[in-house]
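Q: Using only what follows, build the 3D model:
(chains A and B)
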Amino acid sequence: MITKKLLLHFPTCETEKPIVYQLVKDYGLMINIFAAKVTQDQEGFLVLDITGTEEDMDRGMDYVRGFGVTIREVDSGIVHDLELCTHCGNCLSHCPTKALHIADRRSMKVEFDKTLCIACMACVANCPYSACTALF
Amino acid sequence: MKTYQEINDKISSGKAVVLTAEEIIDFVDRHGEDKALSQVDVVTTATFGPMCSSGCFLNFGQCTPKIRITDCSLDGVRAYSGLAAVDAYLGATELRINAPANLNFPGEFSFGGAHVIEKLVAGQSVELIACSYGTQEYPRRELRADIRLQDLNQAIMVNPRNCYQNYNVAVNCSDKRLYTYMGQLKPNMQNASYCSAGQLSPLLNDPWYECIGIGTAVWLAGAHGHVHAEGTQHCPSCQRAENGVPSEGAGTLGLTADMKQMSPRFVRACSFKGYGVSLALGVGIPIPILNAGILRRVCVRDRDIQAPIVDYSYDYPMKTGKVLGMVNYEELKSGSITLNGKKIPTGSLSSYSMALEIAELLKEELGAGKFLLSEPLRRLPQQQSVKNMPI
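A: Numbering: from 1, shown residues only, chains lettered A, B, ... in the order given. Presented below is the predicted three-dimensional model:
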C-alpha cells in the first residue's frame, strides 16, 4: 500500500461527475480529501490523499485522466512566508500537528515542517500578518 | 556609580560595553554583580508586538490653489483633520470608510490605518482624497493625489500607549470560539495567548521607571525617538511581586519618532479576525547601568515575571477583576502552561525573536557610537491607578 498527496484539476465540464466515488468503489482506493474548490468558471480543484496498491492507484489515475483531469503530486499547499512571519508564535497553539513549531527555545523562531502539515487552514485563519497562505 | 554623561562619553568614543537584557543575566551569573557593575555600561531592552494605540501626524504640503482640509482619507482610511491646514492624524486601528467591520461576524479586517502606515514606511504610494469648505485664503475645496512618505513635509509617529509593562494571558472559559485582540481563543481553555517579551521587555527591566521617563531616547522601528509622555492608562499602582515587577498590565509609554527614519521590517500591520486592525512595532530602549539597584533589576528572568490568566469570555469584558491563576514567562514560552491540572498550549502575539533582533541592533548602534542616552526630563508617575468611566 502506498499513499500519495495529489492535486486534481478538473476541466469545466467534469465537475459534476462523481469521480471520487468511482475511485473508491471500482478501484478500491482510500481517499482523504483536504480541500475542494470549484472556481467561478466551474473548474474544479481537489487536494487529496490516495491510499491503495500501486496497481490500483495506476488504474484509478488512468481512469481519472480519461476525463481530461490533470494530476500533480503536491505537499499540503500551505506556504509559510518567512518574509512576512514575525515569529510571534500566535499560530503555535492553533496548529494541531505541530507542523508550525519552535525548534529552538532560545531564538524562539517559528519553523514550518511541511511533512506534518495537513492543510487544516487554522494558521491561514489565525496569522495576523497573513504569513501563512494556501495555494488551493 | 556612573552618570549619564560618563556613559555617553564612552558611547561617543566607541568604548561603551553594551549587553542585551538577555546577555546580562548570563554575564552576572558567570562573573558576579561587582564585575558587571564596573564593566557594563548599558543594557538594551526591546519588544515587538501589536500596539493598537499608535498613529502618526502627517503634513501633506500645500497645492495651488491652497486647501484647508476638513475631511481626508488615505487609501480609503479616514485621517482626523480637525487641525491646521493640510495636517492630519492617522490612527492605526481606523478602518476603511464603509468597511463592514463585524457586520458579518467575524469580520476579516483586512485593511486599516496600520496598513496605510505600513505602506508609507515601505515607500509605497497611497491615495489621498481631501475636501474642505473654502475660505478666502484657502479657496480649494477638493483634491485627489498619490502621495509617498518622501513627498510629505512631516510624518511623525505619535503613539499614546505603547510598551505595556506586562499583560494578561488570555483564555476562553466559554464553549464558543472567541475572536479577540489576543487572537482567536478556542472554547474550554484549549489555548492561551500572551503578549510580552518578558525578560527583554523595557518596562519589566525598569519596574519603577528609574531610567525610562519622559525624554528618554528610544529606538522606535529603527528611528531615534523618545518617550513624550506617560502612556494612556499608565497604572503603576498595581500588584507587584517581591522583586517589584508588576504582575499585571501596569505602566505604559507614549512614544514618538520620525517615520521617515523607520525601517519597514519593524512597522507591520496586522489583522485580527473578529476584532480589528492593529500595528505591530519594534521598540528598543537602552538602560544605563548607573548603580547596583538598576543592574539587579535588569537581571530579571522570565521565571521571575508573573502574568495573570484571565477569561476573555466573561471576566475581561465584564471587568470582574477575576484572575484564574498566575503563570511566569518561562512557562509561557515553553509552549504550554498548566491550570487546575489542565495542560493548555500557549501562543504569543509578541515576538521574542524580533525583540532579540532589536536588542542586538540597538546594542550595535550604541557600540558604534550612533545612539546616545538621554536622562529623563521628568520621571513617570510611580503611584497612580486607572479610573472607571462614570456611567
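
Q: now the helices: where do they sit in chain A?
A: A:19-27, A:54-65, A:122-126 (DSSP state H).

Q: For the first one, buried residues please.
A: So that's helix A:19-27. A:Ile19, A:Val20, A:Leu23, A:Tyr27 (16 or more other C-beta atoms under 10 Å in any protein chain shown). C-beta: built from backbone N, CA, C; applies to glycine.

Q: do the last one as well
A: In terms of neighbour count (16+ other C-beta under 10 Å), helix A:122-126 has its buried residues at A:Ala122, A:Cys123, A:Val124, A:Asn126.

Q: From the contact counts, what lies against that helix?
A: Contact partners of helix A:122-126 among helices and strands, from 3 or more C-beta pairs under 8 Å, 6 or more residues apart in numbering or on different chains; DSSP states H and E: strand A:78-80, strand A:132-134, strand B:183-185.

Q: Rounded mean pLDDT for it, please.
A: For helix A:122-126, the mean pLDDT works out to 96.

Q: The second one now?
A: Along helix A:54-65, the predicted confidence averages to a pLDDT of 92.

Q: what comes into contact with that helix?
A: For helix A:54-65, the external contacting residues (C-beta atoms under 8 Å, 6 or more residues apart in numbering or on different chains) are A:2, A:4, A:8, A:19, A:22-23, A:26-29, A:50, A:52, A:71.

Q: Could you pick out the residues of the stretch 201-350 of chain B near chain A for me?
A: Selection of the stretch 201-350 of chain B residues close to chain A by C-beta under 8 Å from any C-beta of the partner chain yields B:268-273, B:278, B:280, B:333-335, B:345-350.

Q: Name only those of the residues you listed that count as buried.
A: Listed as buried from those are B:268-273, B:278, B:280, B:333, B:335, B:345-350; burial here means 16+ other C-beta under 10 Å.

Q: okay, the buried residues of helix A:122-126 in a markdown table with distance to B:Tyr329 next?
A: Conversion of those to a markdown table gives the following (distance: C-beta to C-beta, whole Å):
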| residue | distance to B:Tyr329 |
| --- | --- |
| A:Ala122 | 25 |
| A:Cys123 | 24 |
| A:Val124 | 28 |
| A:Asn126 | 22 |
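
Q: ok, so of the residues you listed, who is nearest chain B?
A: Chain B has its nearest neighbour among these in A:Asn126, at 5.6 Å by C-beta to the nearest C-beta.

Q: which residue packs closest to that closest one, ignoring adjacent ones?
A: Among residues not flanking A:Asn126 along the chain, A:His94 sits closest, at 4.7 Å (C-beta to C-beta, 6 or more residues apart in numbering or on different chains).

Q: Was I right to think the one you found contacts B:Ser193?
A: No - with contact defined as C-beta atoms under 8 Å, A:His94 and B:Ser193 do not form a contacting pair (10.0 Å).

Q: Find residues that contact each of the two.
A: B:Gly347.

Q: Make CSV from the helices of chain A and add distance to B:Met326 to it.
A: Converted to CSV, the helices of chain A look like this (distance: least, C-beta to C-beta, whole Å):
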stretch, distance to B:Met326
helix A:19-27, 52
helix A:54-65, 55
helix A:122-126, 26
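
Q: B:Val86 is nearest to which of the ones you listed?
A: Nearest of the helices of chain A to B:Val86, taken as C-beta to C-beta: helix A:122-126 at 39.8 Å.

Q: Run the chain-centre distance for the closest one.
A: Here helix A:122-126 is found 15 Å from its chain centre; the criterion is C-alpha atoms, centre = their mean, to the nearest Å.

Q: So which residues make contact with it?
A: Applying C-beta under 8 Å, 6+ apart, the external contacts of helix A:122-126 come out as A:78, A:80, A:90-91, A:94-96, A:100, A:132-134, B:183-184, B:273.

Q: ok, stretch B:357-369 near chain A or not?
A: No - between stretch B:357-369 and chain A, judged by C-beta under 8 Å from any C-beta, nothing touches; the nearest distance is 9.3 Å.

Q: Show me the contact partners of that stretch.
A: Contacts with stretch B:357-369, where a contact means C-beta under 8 Å, 6+ apart, come from B:11-14, B:16, B:18-22, B:42, B:44-48, B:200, B:219, B:222, B:266, B:282-284, B:286, B:371.

Q: Just the CA coordinates for the host helix or strand of B:Ala145, please, in PDB.
A: Secondary structure from DSSP states H and E places B:Ala145 in strand B:142-147. Output of strand B:142-147 as PDB, limited to C-alpha atoms (Å, rounded to 0.1, in the frame of the first residue of the first chain):
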ATOM      1  CA  GLU B 142     -11.200  69.100  -3.000                       C
ATOM      2  CA  LEU B 143      -8.300  67.200  -4.200                       C
ATOM      3  CA  ARG B 144      -7.000  63.700  -5.100                       C
ATOM      4  CA  ALA B 145      -3.300  62.800  -5.200                       C
ATOM      5  CA  ASP B 146      -1.000  59.800  -4.900                       C
ATOM      6  CA  ILE B 147       1.500  60.600  -2.100                       C
END
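
Q: who does that strand pair up with?
A: Note on strand B:142-147: by DSSP bridges, its sheet partners are strand B:126-131 (antiparallel).

Q: coming back round to it: which ones among the contacts of stretch B:357-369 are found in helices?
A: Of the positions in those, B:Ile11, B:Ser12 sit in helices, assigned by DSSP H.

Q: Out of the contacts of stretch B:357-369, which end up buried?
A: Buried subset of those (neighbour count, 16+ other C-beta under 10 Å): B:11, B:16, B:18-22, B:42, B:44-48, B:200, B:219, B:222, B:266, B:282-284, B:286, B:371.

Q: mind listing what A:Lys4 touches?
A: With contact set as C-beta under 8 Å, 6+ apart, A:Lys4 has these partners: A:Asp49, A:Ile50, A:Met57, A:Glu73.

Q: One more: B:Gln184?
A: Contacts for B:Gln184 (C-beta under 8 Å, 6+ apart) come out as A:His94, A:Ala125, A:Asn126, B:Arg177, B:Leu178, B:Lys273, B:Gly274.

Q: Distance to B:Val28 added to these, as CSV?
A: Formatted as CSV, the contacts of B:Gln184 follow (distance: C-beta to C-beta, whole Å):
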residue, distance to B:Val28
A:His94, 37
A:Ala125, 43
A:Asn126, 38
B:Arg177, 44
B:Leu178, 41
B:Lys273, 43
B:Gly274, 44
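
Q: quick one: which of those is nearest to B:Tyr314?
A: For the contacts of B:Gln184, the nearest to B:Tyr314 is B:Leu178 (10.4 Å; C-beta to C-beta).
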